[in-house]
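Build me a model from this:
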Amino acid sequence: MPKGYWIARVDVGNAEAYAPYAAAAAPAIAKFGGKYLARGGRSESLQGPARARNVIVEFASYDDAVAAWNSPDYQAAKKHRDGNCDAEFVVVEGL
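Numbering: from 1, shown residues only. Got it, this is the predicted structure:
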C-alpha cells in the first residue's frame, strides 16, 4: 500500500499564538502513525516563492494521512494555527 505524506509550507505571523498548535499537533499526528521527516530546518527555494517553514509528515497510507487531518484532535490543534500563519498543506500519495 502506498504511503501518504503531508507537505506543508508555512510562514508564521504570530509565533506566540502559533506555539500551542505545534505542541498539540505532534501527538494528534502520532495517533495516526505520522512521522516527521522534515520540520523546519534549512531550506532554499529552487523555483517559485519560498516559505520560511517546510514540513513533511509520513503516514503508512494516504487514508491514514487524510484521517489524521480530519481527526478531532488535529482539528482542535489546527484552531491555534488558523489566523496565525499563512500556509499551504497538501496530502500526497507516495511510494
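
right, and the helix or strand after the helix or strand harbouring residue 79?
According to DSSP states H and E, residue 79 maps onto helix 72-81. The first helix or strand that comes after helix 72-81 along the chain, using DSSP H and E, is strand 85-93.

Excluding residues flanking it in the chain, which one is nearest residue 60?
Distances taken as C-beta to C-beta, 6 or more residues apart in numbering place residue 33 nearest to residue 60, at 5.2 Å, with adjacent residues excluded. Yep, even glycine has a C-beta here, placed from its N, CA and C like the rest.

Please report how far that neighbour lies from residue 50.
Distance, residue 33 to residue 50, using C-beta to C-beta, to the nearest Å: 29 Å.

Ok, residue 56 next?
15 Å.

Can you show me the helices along the chain?
15-30, 62-70, 72-81 (DSSP state H).

could you dump those helices to a markdown table with mean pLDDT and distance to residue 91?
Formatted as a markdown table, the helices of the chain follow (pLDDT from 0 to 100; distance: least, C-beta to C-beta, whole Å):
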| stretch | mean pLDDT | distance to residue 91 |
| --- | --- | --- |
| helix 15-30 | 95 | 12 |
| helix 62-70 | 98 | 5 |
| helix 72-81 | 96 | 12 |
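
Can you say which of those is packed in most?
Comparing the helices of the chain by mean neighbour count (mean count of other C-beta atoms under 10 Å), helix 62-70 comes out on top with a mean of 17.

Fine by me, we can end here.
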